[in-house]
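>>> Give me coordinates for this.
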Amino acid sequence: MIEEVRNDDKRDISILIKGAGLTDAAPNEVVLQLTKETSIVDKNGDKVEKAALVKGADVIGFYGPALTKSLPPIGTAWKIVVGAKEE
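Numbers count the residues shown, from 1 in each chain. A predicted model of the protein is given here:
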């Protein structure tokens, strides 16, 4: 679930996601930075606008193996699935 959406002066967006990780090694909270290459889709794979990334939205974030050692860790998202919970 998105806990916070952050915008900087360059219109870059990052999101703080909290929840269960998809693997045992995944952190329970992570800040993901979005790039032009980040794919934002719904659970059917259809493209979704960045406006759907709001506090409280259910999402699954996919990101590369490189994370900062900060708490929470920061990484770059390659895909965000919005509305990931089953209705």
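>>> For the nearest residue to residue 68 once chain neighbours are set aside, list each beta-bridge partner.
Residue nearest to residue 68 in three dimensions, not counting chain neighbours: residue 74, with 4.4 Å by Cβ to Cβ, 6 or more residues apart in numbering. Every residue, glycine included, has its C-beta placed from N, CA and C. Beta-bridge partners of residue 74, counted by DSSP bridges, are residue 31.
>>> repeat for residue 6
residue 14.
>>> which residues touch it?
Residues in contact with residue 6 (Cβ atoms under 8 Å, 6 or more residues apart in numbering) are 13, 14, 15, 16, 31.
>>> Quick check, central residue of this structure?
Note on the chain: the residue nearest the mean C-alpha position is residue 61, at 4.1 Å, using Cα atoms, centre = their mean.
>>> any idea how far that residue is from residue 50?
14 Å (Cβ to Cβ, to the nearest Å).
>>> Assess the claim that the residue nearest to the centre of the chain and residue 16 are in contact.
No: between residue 61 and residue 16 there is no contact under Cβ atoms under 8 Å: 10.2 Å.
>>> What is the burial count for the closest residue to residue 49 other than its chain neighbours?
Nearest in space to residue 49, with sequence neighbours left out and distances taken as Cβ to Cβ, 6+ apart, is residue 40 at 7.3 Å. Residue 40 has 19 neighbouring residues, counting by other Cβ atoms under 10 Å.
>>> Thanks a lot, see you next time.
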